[in-house]
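*Asks:* Provide a 3D model corresponding to the input given below.
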Amino acid sequence: MSRRRRERSGVTPMALMVVALLAVLGGLAAVPARTWMTQQEQVEQADRQLRTLRSDIGDLERQLERLETSSEIERRARQDFDLVYPGEESYRILPDGGQPSVDG
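*Replies:* Reported below is the predicted structural model:
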């Protein structure tokens, strides 16, 4: 290419080198930027999990406080384990099971 033609197009070898260098630097910066964004997503996910776990811990602590009362212990013993005080009787009504009853 002649010098006149290069001057008219306005593109010099130095400009091409600068553009190439900027492209390489941009490519090199993309990897750490992508890594940083991935890490930020992981941090946000961990924060959400932490909030959920703290909420669960709060729920369990409140349940534990209730279970430490004598009224809740009695309620759970009667409901979950069919326990009764001495002298009491426990009855359970079972479902019919869908079979016709026989009157005798």
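
*Asks:* quick one: the helices in this protein?
*Replies:* 3-9, 13-67, 70-81 (DSSP state H).

*Asks:* Of all the ones you listed, which one is nearest residue 89?
*Replies:* Of all the helices of the chain, it is helix 70-81 that lies closest to residue 89, at 12.6 Å by CB to CB. For the C-beta atoms, the positions are set from N, CA and C on the backbone; glycine is no exception.

*Asks:* Show me how far the closest one is from its chain's centre.
*Replies:* 34 Å (CA atoms, centre = their mean, to the nearest Å).

*Asks:* Could you list the residues in contact with it?
*Replies:* If you take CB atoms under 8 Å, 6 or more residues apart in numbering as the criterion, helix 70-81 is touched by 66, 67, 83, 84.

*Asks:* The nearest residue to residue 92 once chain neighbours are set aside: how many residues sit nearby?
*Replies:* Closest residue to residue 92 apart from its sequence neighbours, by CB to CB, 6 or more residues apart in numbering: residue 82 at 7.4 Å. Using other CB atoms under 10 Å, the number of residues around residue 82 comes to 10.

*Asks:* same deal with residue 75?
*Replies:* 13.
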